[in-house]
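> I'd like to go over a predicted model; first the sequence, then the structure.
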Amino acid sequence: MLFDPQIQRTLREVEAKRGPVKVPAFPHLGMSRERLIAPIFAANQVLGYISILDHPPHSEELAFMAIEQAALVLALSIAKERELSEVEGRVRGEFLEDLLHGTYGDEAAAQRRARHVGYPLQGSHIVVLVDIDDFRGFTRARQISEDAIQALKRDFLRRVTAVVRASYQRALVQGRSDQVVALLPLGTEVGDHQARSHALGLQVQQAIAEWKPGFTVSVGFSAPIEAPTGVEGALREVTSVMESLARFKRWAQVVAVPELGLTGLLAAVSDERLVDYSRRHLGPLIEHDSARKGALVATLRAYLETGEQQHAAQKLRVHPNTLRYRLDRIREITGLDLEDPETRLNLAVALRVQSLLGM
């Protein structure tokens, strides 16, 4: 209803007048009667509107005065609530930042501040990082102004916070440039925290996608930790994971640090060394496929992933004899023994590097 063009035009007129306006009926929206509408203003910002249907026709001037006064009272009340909320948010955000940087003082001080902001330090916790995928590329491609970028970041923080707080009401949430970091209390019984974390990550992604279609985020979770001592290290690990995802251009991911496995190890190696490693093990096969439009690399990947020729043939949808011929060619070209465990490991890692770097 609020997005109807006539309603939008009427609200703009009300906002421009900065006072009560008598507006006509909107039968196409089921609004069959005239009404008075007044904007709720605070700090030159419209916080909402008041709409009155049954005002006495003989004392319309009085109705105008009453609705204008009501709008003023509501504006003061909302402004006060916002101010209190902002102060509380700053206090909670400062506490979270101190936990993340390890500057909270001693454990007794952290416990006092946790009680003050209503955060339960007992039990286990998870650090969450929500990162906008390729934010610089997004803003550069759309030539967004700096003011618009800051407004976008504030809205992003607000939406992520709403999703997190819906599941973890006492969570600490803080914006950091184009990221949002949160500390989630799991309590003394961790339970199936991985499934809950993954579900939360998907909810965050869905909320952002509905807000801005085509705008994607990646969400990273730490392993359960103790607070306050484990928070700083957990953030460091999650940040490393998110940087790895960005480096390999793996967008729109929901990952947990303990589950990252080989990709996490490869993240500590420079691109140059990874490329050299991959070419050293797969170079002859890549050159063969490029020159002859072959499929030896894809065959090797299917064979190593399935671990068995029959299943690899089914995966590639080729005859088993075709697969055996290709494996023989791989042995001839590389001179490698595909039954040797170390050789298989080296090739599997080289194939993973190739996928991560898009080679």
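Looks like it arrived, so ask away.
> do you know how far residue 277 is from residue 128?
Computed with CB to CB, to the nearest Å, the distance linking residue 277 and residue 128 is 33 Å. Glycine gets a C-beta too; all of them are placed from N, C-alpha and C.
> Compare neighbour counts for the two and give me the winner.
For residue 277 versus residue 128, neighbours defined as other CB atoms under 10 Å are more numerous around residue 128 (26 against 17).
> State the distance from that one to residue 192.
In this view, residue 128 and residue 192 are 16 Å apart by CB to CB.
> how many neighbours does the closest residue in space to residue 13 that isn't next to it in sequence have?
Once flanking residues are discounted, residue 13 sits nearest to residue 21: 6.3 Å by CB to CB, 6 or more residues apart in numbering. Counted with other CB under 10 Å, the burial measure for residue 21 works out to 20 neighbours.
> which residues sit in contact with residue 21?
The contact partners of residue 21, taken as CB atoms under 8 Å, 6 or more residues apart in numbering, are 10, 13, 14, 36, 37, 38.
> Quick one: name whatever helix or strand follows the strand or helix carrying the fourth one.
Spelled out, it's residue 36. For residue 36, the enclosing helix or strand under DSSP states H and E is strand 35-42. Read in the C-terminal direction, the helix or strand following strand 35-42 is strand 45-52, with elements assigned using DSSP H and E.
> just how off-centre is that next one within its chain?
Computed by CA atoms, centre = their mean, to the nearest Å, the chain-centroid distance of strand 45-52 equals 32 Å.
> average pLDDT for that strand?
When pLDDT is averaged over strand 45-52, the result is 84.
> on contacts alone, who are the packing partners of the helix or strand just after it?
From strand 45-52 onward toward the C-terminus, using DSSP H and E, the following helix or strand is helix 60-101. Contacting helix 60-101 under the criterion 3 or more CB pairs under 8 Å, 6 or more residues apart in numbering; DSSP states H and E are the following elements: strand 35-42, strand 45-52, helix 107-117, strand 172-176, strand 179-187, helix 231-247.
> list the buried ones in the helix or strand harbouring residue 314?
When secondary structure is defined by DSSP H and E, residue 314 falls within helix 309-316. Of the residues in helix 309-316, those with enough neighbours to count as buried (16 or more other CB atoms under 10 Å) are 312, 313, 315, 316.
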